[in-house]
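> got a structure for you, letters missing:
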């Protein structure tokens, strides 16, 4: 295996790549505390020594979390993990064409002729990654109706995330097939900024939790198609191992109950700045519902409707709202990255080292440590239950349900892999 710059992929590249990933990723930060050393024994042997056995280690580095432990050349892997890399050098079946990259508009890849796929069927992100096309173009089309029209006319071959209310028209076209953008589903979440008022007050957070009706959120992002979503009173994905229906007493879905809790909380009328990416049809509607809910219970809300790039940038701002900060925003994550308490960054209590919103809870971190060190699945089950009950009580975030996003593509494409993202290998035209 060689990198796209022609250099061989060596263990000397892999060791610092894993360390760089672990410095930033929630699950990586956790498991790396147990690493005694991670180094290359030779070009093809990576040696990892743990301070003590932990059952989730292999899963953690193989699956990753919100970010994947990609292997990169040694000189890139040894750069500051908190600064963006300046090069894009992979080792897969397609090469990124830097000279053609237009941010927010166009991305192109060419087939890597030097890549030798494994001699086995492709399965999610593993197996034989066969590139059947010489070139892949990824067009960013912000207007959903324009994107749908481009698919119907054959101008594009694949529409990654279809807006729910456009599906009826698309389904009338016999030249279009459909699938799921991620079979494990996507999990909506409302995230508070815990550093500043009003959501540094747990009772204000509890008031919002009490007012939330998951069906309202899920209907908003699926066009009301109940076949595309599930609701559950759990911090983990609906239908997953830790979907234990523990949150029902905490989520009565009552505006009146929430009003009483807010009135008793000491809320002093502080402004709530709600960041809402109106360009993302699977996130923007969540913000619309929250604006309505928060206004009804008596919070003073200012919605900042903007694009996702601006939201992603502004949510890093830790200042108060009058200095460009924020109070609440929404996002979703695929079910694969919220299966356990370790990787669920929106309920971890890592404070300044943690996910946007910077919720700090030392007890939650201790429980997570116990979960990692637990010797059996049954022991982990009990700890996960305790973690989940604590999360519902202290409300680091609000779970909004699990939904599916439909992906659509031209009928003459075959081999599309329904997995955690739009994988370009294995696809061919018939």
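Received it, and whenever you're ready, just let me know what you need. Just so it is clear, the model here is predicted, and its values are computed rather than measured.
> Kindly list the longest helix within this structure.
In the chain, with assignment by DSSP state H, the single longest helix is helix 377-394.
> and the following helix or strand past that one with helix 377-394, angle?
Next in sequence after helix 377-394, counting helices and strands by DSSP states H and E, comes strand 397-403. Here the directions of strand 397-403 and helix 377-394 differ by 120 degrees (axes from the mean of the first three to the mean of the last three Cα atoms, to 10 degrees).
> Going along the chain, name the helices of the stretch 251-400 of the chain.
If DSSP state H, counting those that start in this stretch is used as the criterion, the helices of the stretch 251-400 of the chain fall at 255-264, 284-297, 308-314, 362-373, 377-394.
> Single out the most deeply packed of those.
Using mean count of other Cβ atoms under 10 Å, the stretch among these with the largest mean neighbour count is helix 284-297, at a mean of 21. All C-beta atoms are positioned from the backbone trio N, CA, C, and that covers glycine.
> looking at the helices of the stretch 251-400 of the chain, which is closest to residue 81?
Within the helices of the stretch 251-400 of the chain, the stretch nearest residue 81 is helix 308-314; the backing value is 18.0 Å (Cβ to Cβ).
> What is that closest one packed up against?
For helix 308-314, the contact count by 3 or more Cβ pairs under 8 Å, 6 or more residues apart in numbering; DSSP states H and E identifies strand 271-277 as packing neighbours.
> Would you mind getting the angle between the strand it packs on and helix 284-297?
Put simply, strand 271-277 runs at 160 degrees to helix 284-297, going by the same axes, to 10 degrees.
> Who are the packing partners of the longest helix of the chain?
So helix 377-394, by 3+ Cβ pairs under 8 Å, 6+ apart, packs with helix 202-211, helix 362-373.
> need the ones you listed in a markdown table with mean pLDDT and distance to residue 393, can you?
Output for the helices and strands packed on helix 377-394, formatted as a markdown table (pLDDT from 0 to 100; distance: least, Cβ to Cβ, whole Å):
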| stretch | mean pLDDT | distance to residue 393 |
| --- | --- | --- |
| helix 202-211 | 98 | 8 |
| helix 362-373 | 95 | 11 |
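> quick one, which of the ones you listed is nearest to residue 127?
helix 362-373 (29.0 Å).
> about what we covered before: give me the contacts around the longest helix of the chain.
Contact partners of helix 377-394, identified using Cβ atoms under 8 Å, 6 or more residues apart in numbering, comprise 202, 205, 209, 234-236, 241-242, 244, 246-247, 250-251, 340-341, 347, 361, 363-364, 367-368, 370-371, 374, 397.
> ok, now stretch 252-260?
Around stretch 252-260, the neighbours that count as contacts under Cβ under 8 Å, 6+ apart are 207-208, 210-213, 293, 296-298.
> in whatever helix or strand residue 150 lives in, what's buried?
Assessed by DSSP H and E, residue 150 sits inside helix 144-153. Using 16 or more other Cβ atoms under 10 Å as the test for burial, helix 144-153 gives 144, 147-152.
> could you dump those to JSON lines with pLDDT?
As requested, the buried residues of helix 144-153 are exported to JSON lines (pLDDT from 0 to 100):
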{"residue": "144", "pLDDT": "88"}
{"residue": "147", "pLDDT": "94"}
{"residue": "148", "pLDDT": "94"}
{"residue": "149", "pLDDT": "95"}
{"residue": "150", "pLDDT": "96"}
{"residue": "151", "pLDDT": "96"}
{"residue": "152", "pLDDT": "95"}
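> ok, those vs residue 90, which is closest?
The nearest member of the buried residues of helix 144-153 to residue 90, counting by Cβ to Cβ, is residue 147 at 26.5 Å.
> For that closest one, give its distance to residue 384.
Separation of residue 147 from residue 384 (Cβ to Cβ, to the nearest Å): 39 Å.
> cool, and residue 203?
Using Cβ to Cβ, residue 203 is found at 26 Å from residue 384.
> same deal with residue 101?
When residue 101 is compared with residue 384 (using Cβ to Cβ), they lie 42 Å apart.
> about what we covered before: what about the helices of the stretch 251-400 of the chain, which gets the closest to residue 83?
Nearest to residue 83 among the helices of the stretch 251-400 of the chain is helix 308-314 (15.2 Å), distances taken as Cβ to Cβ.
> Look up the closest residue to residue 21, ignoring the ones flanking it.
Nearest in space to residue 21, with sequence neighbours left out and distances taken as Cβ to Cβ, 6 or more residues apart in numbering, is residue 69 at 4.1 Å.
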